[in-house]
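1. Sequence and predicted structure are below.
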Amino acid sequence: MTIQQLRTAMEAARTGSITRAAKNLYLSQPNASSMLRTLEQELGYEIFSRTNSGIVPTEAGERFLEHAKIILAQLQELYAIRAQGRVCRLRLGVQSFSPAVEAFIRLTQEYRDCPSAEFKCVNISADGGIRALANRELDVVAALIAPCMLPAAEQAVQNQDLELHFLHQVPACLNLRRGHPLLSKLPPNAAVFDYRLLEAYPYVEYQKLPTRTDGYTTISTADQVRCRYRIVVDERDTRCRIVGTTDAFSIGCSLPQAIRARYQLECVPIPGQSMRLYCITRRGGTQNPEIARYLHLLRSELPDPPTE
């Protein structure tokens, strides 16, 4: 019996899916399934009942999971002892992506009682983040990458001996204030988005970073958004405040509910437009406690993926 088996069983029970547990733990689905089967054979009983809709703990499995939870909690205390005398550190690069920022904020709050901690969050493009990781200036990068740019990003990651982990498919959204006139003009369930509807309203966009390997360039560039009035900002709060208090709009990812409530915003999905969220680390980086915890928090900020 291994710690990885215990973690896999607990995550499978939490998500109700071996496939989803494997994704959350950065394992292949066959590896996770084999790990649980081996564990069940060692124990001599089934932990889960497999159904068409997912997995459900058996009666014996429920008892096993109770003990596994205690063991993993005690293990965390042992890790805390190991952390004494060392600096708890995370240096994050992110592309103005609200869930990634929210997860970082939560991480800093969790570590506020750590004897020695160092946290850093910078706005950086995916290719800039790759260079910073290779130069050991960052520990992890949360990157939005358009499908057309993925081969170039994969090659860059491979050249620098880094790891690229897929996290989530992120739909592109039109962000507006509540009560915006556009909300009554947008046809529901349209297959194609009519960008001409935006021409009469101010467009708030992020300042272009020196290098871009992200998905925004395929969604919100002047090729599709033709407005007479543009407002360029370099951080999220300013963009949200402008959009939330005027008839301006922005285009980006769906915002967390807390951000929508804070700025009184609505997020309208744009048909056929999406990006893929990845994390990029050095080899074996996801084994670092701070990186692993950050990625767990980031996943909790993201909407649930489609049903398997």
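-> Right, received. Where do you want to start?

2. For stretch 48-55, give the mean pLDDT please.
-> Average pLDDT, stretch 48-55: 85.

3. And stretch 73-80, by the same measure?
-> 67.

4. do the same with stretch 255-263
-> pLDDT averaged over stretch 255-263 gives 84.

5. buried residues in that stretch?
-> Leu255, Pro256, Ile259, Arg260, Tyr263 (16 or more other C-beta atoms under 10 Å). C-betas here are computed from N, CA, C, even on glycine.

6. And the furthest pair within those residues?
-> Longest distance between any two of the buried residues of stretch 255-263 is 11.1 Å, between Pro256 and Tyr263; criterion C-beta to C-beta.

7. if we can go back for a sec, what's the closest of the buried residues of stretch 255-263 to Thr51?
-> For the buried residues of stretch 255-263, the residue nearest Thr51 by C-beta to C-beta is Pro256; the value is 31.9 Å.

8. dump the residue contacts of that closest one.
-> Shown in contact with Pro256 (C-beta atoms under 8 Å, 6 or more residues apart in numbering): Ser98, Pro99, Glu102, Glu301.

9. For the stretch 1-150 of the chain, which segments count as helices?
-> Assigned by DSSP state H, counting those that start in this stretch, the stretch 1-150 of the chain shows helices spanning 3-15, 18-24, 29-43, 59-83, 98-110, 126-134, 150-159.

10. among the ones you listed, which gets the worst mean confidence?
-> helix 59-83 (a mean of 77).

11. Contacts only, for the most far-flung residue of the chain relative to its centre.
-> Relative to the centre of the chain, the most outlying C-alpha is that of Gly44, 37.4 Å out, by C-alpha atoms, centre = their mean. By C-beta under 8 Å, 6+ apart, the contact list for Gly44 is empty.

12. cutoff 10 Å now
-> Residues near Gly44 by C-beta atoms under 10 Å, 6 or more residues apart in numbering: Ala60.

13. gap between it and Arg241?
-> 60 Å (C-beta to C-beta, to the nearest Å).

14. same question, Ile47
-> 49 Å.

15. circling back: of the helices of the stretch 1-150 of the chain, give the one that comes closest to Leu90.
-> Of all the helices of the stretch 1-150 of the chain, it is helix 98-110 that lies closest to Leu90, at 6.6 Å by C-beta to C-beta.

16. before we move on, the earlier item: could the contacts of Pro256 be laid out in JSON lines, adding neighbour count and distance to Ser28?
-> JSON lines is the format used below for the contacts of Pro256 (neighbours: other C-beta atoms under 10 Å; distance: C-beta to C-beta, whole Å):
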{"residue": "Ser98", "neighbour count": "19", "distance to Ser28": "30"}
{"residue": "Pro99", "neighbour count": "25", "distance to Ser28": "25"}
{"residue": "Glu102", "neighbour count": "18", "distance to Ser28": "29"}
{"residue": "Glu301", "neighbour count": "20", "distance to Ser28": "24"}
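
17. Thanks a lot, catch you later.
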